[in-house]
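Undergrad: Prediction below, plus the sequence it came from.
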Amino acid sequence: MIIKTYFPVRVLTNQDLEKEFPEWSADKIGQKVGIISRHVASEDETPLDLAEKACLCLFQDHPEVKESVDYLLFCTQNPDYILPGNSSILQNRLGLPTSIGALDYNLGCSGYIYGLSLAKGLLLGHIAKGVLLVTAEAYTKRINRKDKGNRSIFGDAATATFLTEEDAGKIGEFVLGTDGSGAGNLIIKNGGLRCPEGGDEEKTYGSGNVYTDHDLFMDGPEIFNFTIDVVPSLVKETLKKNQLGLDDVKMVVPHQANSYILGFLRKMMRIPEDRFYLNMENTGNTVSSTIPIALADLLESGRIHQGDKVLVTGFGVGYSYGATVLTI
Amino acid sequence: MTDEKKIELLAELFEVDESEITPDKLLSELKWDSMNMLGLIALFKSECDIKLPASKIRSFVTVNDILKEMQ
C-alpha cells in the first residue's frame, strides 16, 4: 500500500483566527482541540484539484503505479459538478486509460474505511488489479466566515492510496455501521434537490457561531454523544472480528475529529496514549483524509513497520462509521 | 454523589473557584461555550454514567439545572 498526501499552500493559524475574533481565545481553544494551524484551499482550488496533485505526487515517486491502476475510487462530498462525477474528470486529467473503472462516493469522516472495504472487494473479487483510492475535501469552502468553531477545526487536504491484490490480503475484517437518524446533526442543507434555495437568514449556535442553510452545520454535543455511543463498541467489535486483543495492535488510528473528543474516547477504551495516534496539530480535521494522512505520517516516521497491525476507525457525517485492521 | 463533589466537578469544568458555583448562578455568567458543553457531556458520562442529550444541555439556564441532573 502506497499513500501520498497533498495540502493546499495557504495556512490558517490560530493567531489568524484570533485577529478576526479578538474576543475569542483561539490559542486556548487550539490547546483543547489539538489544532494550531490548518491548510485552506484557495478560491479557485477544489477537492478535485487537490486530488490531482496528490495523485501526481504518487506517480512521481512511484512511476510504475500509473500503468497499474485499473480502478479509481473518489471519495468527496464537494465535487466540481453535480454531474459528471470527479472520478471521470480525474481519469482524464491524470491520463489514465479509458479502460479503467471509476466511481465517486459521498462520505465524510468514515470515507477512507469504506474506500478500503470497496477496494478489498474489487481486488479480492478479481474485478480490479490496482485500485487508486482518492480522498479529497475542502469543507472550509462550506463554513460560514463567522463560524469560528468550525473554522478552528476543519482543514483541507487530499490523499491518494494505491492498493494491489497483495495489499487487499492485508486488510482485515470490517465492522461497518450507518445511522441516518443523525443526518441533521452534521449537514449542509442547501444545494441538493430537497432544499435548492432559501434559508439565507443567519442562525447562531454554540459560542456565537453563525451559519445559514448554505453552510456546514455541526451540532457538536450531538456528534460527541454519537462518538461516545459508537466508537468504543466499534473498536471492541473490530478486534473481536479479527480475533485480536488490544495488545496485538501496534497502533490505533482514529479519524482525527478533534483531540478533546479523541482524548475522552481513548480513556473510555483504556488505550495507552502512545498507541493511540493523534496528528492533527498542523492539519486540523481533514474529513475523509485524516486516516491516510496519519498512516502516511506513521510510515514515514518509522513508527509502524512491516508486519505491525494497525486498527483504523472512521466515524461522522451520516451518521456513518466503520473500522478494520491493517497489517502493514 | 455528594453536593460537595458536584460543585468540585463543576468548578473544575468552568475553571472557577468553588465559591462561584452556586445553584442560582446563571450559566451565562460562567464560560458556557461549546467546549464546556462537550466537557459537561464528558463529565456526566464519566462521573455519573449518564448520556446528556444536546437538547437537555441547551435547556440548562442555571447551575441548579445541572446539579439536579447529576446523580
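TA: Received the coordinates, thanks. This is a predicted model, so every value here is computed, not measured.

Undergrad: Tell me the spatial nearest neighbour of the residue nearest the centre of chain A, not counting adjacent residues.
TA: Centre of chain A computed as the mean C-alpha position; nearest residue by Cα atoms, centre = their mean is residue A:288, 1.6 Å away. Counting by Cβ to Cβ, 6 or more residues apart in numbering or on different chains, residue A:288 lies nearest to residue A:111, which is 3.2 Å off, once chain neighbours are set aside. (Each C-beta comes from the backbone N, C-alpha and C, glycine too.)

Undergrad: same question, residue A:183
TA: residue A:318 (6.9 Å).

Undergrad: Which pLDDT value belongs to the closest residue to residue A:187 other than its chain neighbours?
TA: Of all residues not flanking residue A:187 in the chain, residue A:217 sits nearest, at 5.5 Å (Cβ to Cβ, 6+ apart). Predicted confidence (pLDDT) at residue A:217: the value is 96.

Undergrad: Can you report phi and psi for the nearest residue to residue A:143 once chain neighbours are set aside?
TA: Counting by Cβ to Cβ, 6+ apart, residue A:143 lies nearest to residue A:150, which is 4.7 Å off, once chain neighbours are set aside. Comment: the main-chain dihedrals of residue A:150 come out as phi -70, psi -30, following degrees, to the nearest 10.

Undergrad: Quick check: the residue nearest to the centre of chain A vs residue A:161, distance?
TA: Here residue A:288 is placed at a distance of 11 Å from residue A:161 (Cβ to Cβ, to the nearest Å).

Undergrad: now swap in residue B:64 and tell me
TA: Taking Cβ to Cβ, one finds residue B:64 at 52 Å from residue A:161.

Undergrad: okay, these two: which has more neighbours?
TA: Taking other Cβ atoms under 10 Å in any protein chain shown, residue B:64 and residue A:161 do not tie; residue A:161 has more neighbours (26 against 13).

Undergrad: For the more buried one, what is the enclosing helix or strand?
TA: strand A:157-164 (DSSP states H and E).

Undergrad: Which strands and helices lie in contact with that strand?
TA: strand A:2-6, helix A:47-61, helix A:63-68, helix A:111-124, strand A:130-137, helix A:290-300 (3 or more Cβ pairs under 8 Å, 6 or more residues apart in numbering or on different chains; DSSP states H and E).

Undergrad: Alongside chain B, which residues does the stretch 151-300 of chain A contribute?
TA: A:206-207, A:209, A:219-222, A:224-225, A:228-229, A:260-261, A:264, A:267-268 (Cβ under 8 Å from any Cβ of the partner chain).

Undergrad: of the residues you listed, the lowest pLDDT goes to which?
TA: Within those, pLDDT is lowest for residue A:207, at 75.

Undergrad: got a list of what residue A:57 touches?
TA: Contacts for residue A:57 (Cβ atoms under 8 Å, 6 or more residues apart in numbering or on different chains) come out as A:4-6, A:160.

Undergrad: Name the member of these that has the highest neighbour count.
TA: For the contacts of residue A:57, neighbours tallied by other Cβ under 10 Å; top is residue A:160, 29 neighbours.

Undergrad: Quick check: residues of chain B near chain A?
TA: When proximity is defined by Cβ under 8 Å from any Cβ, chain B lies next to chain A at B:33-35, B:37-38, B:41-42, B:45-46, B:51-54, B:57.

Undergrad: which ones among the residues you listed are found in helices?
TA: Under the assignment DSSP state H, these contribute B:34-35, B:37-38, B:41-42, B:54, B:57 to helices.

Undergrad: hmm, back to that, state the number of residues packed around the residue nearest to residue A:187.
TA: 21.

Undergrad: The one 10 residues further on too?
TA: When neighbours are defined as other Cβ under 10 Å, residue A:227 has 24 of them.

Undergrad: Mind naming the longest helix for chain B?
TA: helix B:3-14.

Undergrad: sorry, that was for chain A
TA: Longest helix in chain A, counting by DSSP H: helix A:220-241.

Undergrad: other SSEs contacting it?
TA: strand A:175-178, helix A:259-269, strand A:309-316, strand A:320-327, helix B:34-43, helix B:54-59.

Undergrad: buried subset of the residues of the stretch 151-300 of chain A next to chain B?
TA: Among those, those classed as buried by 16 or more other Cβ atoms under 10 Å in any protein chain shown are A:206-207, A:209, A:219-222, A:224-225, A:228, A:260-261, A:264, A:268.

Undergrad: now residue A:11: how far from chain B?
TA: Distance from residue A:11 to chain B, counting by Cβ to the nearest Cβ, to the nearest Å: 23 Å.

Undergrad: about what we covered before: can you name the next helix or strand after the longest helix of chain A?
TA: Defined by DSSP H and E, the subsequent element after helix A:220-241 is strand A:251-254.

Undergrad: neighbours around residue B:8, how many?
TA: Counted with other Cβ under 10 Å, residue B:8 comes out at 14.

Undergrad: OK, contacts around the residue lying closest to it once chain neighbours are set aside?
TA: Leaving aside its sequence neighbours, residue B:8 sits nearest to residue B:18 (Cβ to Cβ, 6+ apart; 6.3 Å). Contacts for residue B:18 were tallied using Cβ under 8 Å, 6+ apart; they are B:7-8, B:11.

Undergrad: Kindly report the same for residue A:120.
TA: Applying Cβ under 8 Å, 6+ apart, the residues contacting residue A:120 are A:168, A:171, A:174.

Undergrad: one step back: from the chain's centroid, how far away is the longest helix of chain A?
TA: 17 Å (Cα atoms, centre = their mean, to the nearest Å).

Undergrad: and the angle for that helix with helix B:34-43?
TA: Computed by axes from the mean of the first three to the mean of the last three Cα atoms, to 10 degrees, the angle separating helix A:220-241 from helix B:34-43 equals 50 degrees.

Undergrad: What is the least confident helix or strand in chain A?
TA: helix A:26-33 (a mean of 78; mean pLDDT, DSSP states H and E).
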